[in-house]
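> pasting the sequence and the predicted model now:
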Amino acid sequence: MAQLGTALHSGQTIRQTKPLSKALIIFMAVSCGLTVANLYYNQPLLADIGRSFDVDARHVSFVSMLTQIGYAAGMFLFIPLGDIRERRKLIGLLLLAVGISLIGVASAQNLAWMYTASLAVGITTVAPQMIVPLAAQLAAPHERGKVIGSVMSGLLIGILLARTVSGWVGEWLGWRFMYGLAALLMFILAFLVFRVLPVSKPDVQMSYPDLMKSMGTLVKEQRTLREAALIGVFMFGSFSVFWTSLTFFMEGPDYGYGSGVAGLFGLVGVVGAAAASVIGRLADRLRPASMVGFMIATALVSYVGFELFGTSIWGLAIGVILLDLGIQGAQVSNQARIYGMLPEARSRLNTIYMVSSFIGGAIGSSAGGYAWSISGWSGVCLVGGGMVLIAFLIWTWHRLKSSTS
């Protein structure tokens, strides 16, 4: 890694003309995974956090919701800058900012403080959404799906392992320790980013207001982008419904486990997330739109399984694999579609897609906690499965519209 850092730390703009090195791809994947984990540490810890502030599941679920809302806001404000500013510097500064925000969560003394700090963590945890377009820019066209899939595997595994790590750490050392550790990791990663990532000069020259206005034009003109964004809303919403509610289900009468066991299901989900690189390779060879439909159907099957077999540990585990495979597979396939549209606007395209997805995630986090408080596990399955079904209807409608146009 030191040699890689020396080779790249030359201050020169890099125009990739050959396949990316495995070391650089791995570094970008690990960086995405470590950073995006900040958004998900709270999910297995919600019950513990609620006890710390003496609030119920409905109120503490706003911690997760505000983190997701903050993430959507941060992407909207910062990620478009990747099209007009040098990305390595932006990524490093954002990592320093999220480290400070995580310290705010670790030191929270009341629920309002916790809400504010969680929102700040979401706003500043947007570096992965600059790294993924950077990987797409550096990759040769014939390997773009593979590279995106590899980097996304790191990101998605980070999402899932975050729950496992935070569940363990929270159970043995407390949720505050978990957030202090996360802050330290961000400061270390910021240093490495400045040493390892290549400089990437933008191809577009425009002002920030014009940049923001151009996103509206992209939404208006790019039909594929609109479809992908809408699917992202409901797919990631269903993902958040499940993972926000799981800790309450695991602590309930059907299982009676603590946050550590709830976090272990992140390890199960890694099986599905690890397939993202394979799906990326398939997207290079097959029609990504068809892959999206297949992955949505896979996620829908998982929710049927949760309702029928959720009280069985094996039924729940298989459902987690299918859910994560479906959600992450649809995301990778959609990103392969949109990154091939307008190379000079990749950061803006990614902003539109991911902001939409995480708005859905914020809605899902709140809806999951509410569904659990009203109807228990069946309510969670109904809400989560319903969101996947809507995504499938959107995908089907666009296929029918394309065949008649």
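Now that the structure is in, tell me what you want to look at. Numbering: from 1, shown residues only.

> helices or strands up against the helix or strand containing residue 377?
Assessed by DSSP states H and E, residue 377 sits inside helix 346-404. Contact here means 3 or more C-beta pairs under 8 Å, 6 or more residues apart in numbering; DSSP states H and E; on that basis helix 346-404 packs against helix 57-78, helix 128-138, helix 208-221, helix 223-251, helix 288-309, helix 313-339. Just so you know, the C-beta spots here come from the backbone N, C-alpha and C atoms, and that holds for glycine as well.

> next, the contact list for the nearest residue in space to residue 82 that is not next to it in sequence, please.
Once its chain neighbours are removed from consideration, residue 82 has its nearest residue in residue 347; the separation is 3.4 Å (C-beta to C-beta, 6 or more residues apart in numbering). The contact partners of residue 347, by C-beta atoms under 8 Å, 6 or more residues apart in numbering, come to 79, 80, 81, 82, 83, 130, 133.

> how near is residue 214 to residue 79?
The span separating residue 214 from residue 79 equals 13 Å under the rule C-beta to C-beta, to the nearest Å.

> higher neighbour count, the two?
The neighbour comparison of residue 214 against residue 79 (other C-beta atoms under 10 Å) goes to residue 79, with 26 against 16.

> show me what contacts the more buried one?
For residue 79, the set of contacting residues under the criterion of C-beta under 8 Å, 6+ apart consists of 126, 129, 130, 347, 348, 350, 351, 354.

> same question, residue 20
In this structure, residue 20 makes contact with 135, 138, 139, 143, 147, judged by C-beta under 8 Å, 6+ apart.

> give me phi/psi at the third one?
So the one you mean is residue 139. When read as degrees, to the nearest 10, the backbone of residue 139 gives phi -80, psi 150.

> circling back: now list the buried members of the contacts of residue 347.
Under a neighbour-count criterion of 16 or more other C-beta atoms under 10 Å, the subset of the contacts of residue 347 counted as buried comprises 79, 80, 81, 82, 83, 130, 133.

> once you drop chain neighbours, what's closest to the fifth one?
Distance criterion C-beta to C-beta, 6+ apart; nearest residue to residue 83, sequence neighbours excluded, is residue 347 at 4.3 Å.

> likewise the last one?
With C-beta to C-beta, 6+ apart as the criterion, residue 133 has its nearest non-adjacent residue at 4.2 Å, and that residue is residue 346.

> okay, residue 277: pLDDT?
As summarised for this prediction, residue 277 has a pLDDT of 61.

> nope, residue 10 is what I meant
Residue 10 is assigned a pLDDT of 35 by the prediction.

> so where is the stretch 101-250 of the chain shaky, pLDDT-wise?
Segments of the stretch 101-250 of the chain classed as low confidence (criterion: pLDDT under 70) are 141, 203.

> which pair of the contacts of residue 79 spans the longest distance?
The largest separation in the contacts of residue 79, counting by C-beta to C-beta, is between 126 and 348 at 13.8 Å.

> helix, strand, or coil at residue 41?
At residue 41, secondary structure determined by DSSP: H, G, I helix; E, B strand; the rest coil is coil.

> for residue 348, give me its contacts.
Contacts for residue 348 (C-beta under 8 Å, 6+ apart) come out as 79, 80, 83, 211, 214, 215, 218.

> for it, give its distance to residue 307.
39 Å.

> equivalent analysis for residue 393, please.
As for residue 393, its distance to residue 307 is 19 Å (criterion: C-beta to C-beta).

> which one's more surrounded, the two?
In this view residue 393 and residue 307 are compared by other C-beta under 10 Å, and residue 307 has more residues nearby, 16 against 12.

> tell me the pLDDT of the more buried one.
Here, the pLDDT recorded for residue 307 equals 93.

> not counting sequence-adjacent ones, nearest residue to it?
Nearest residue to residue 307 in three dimensions, chain neighbours excluded: residue 381, at 4.1 Å (C-beta to C-beta, 6+ apart).

> wait, the one you found touches residue 311, no?
No. With contact defined as C-beta atoms under 8 Å, residue 381 does not reach residue 311; the gap is 11.5 Å.

> who has more neighbours, these two?
In this comparison of residue 381 against residue 311, neighbours counted by other C-beta under 10 Å, the higher total goes to residue 381 at 24 against 14.
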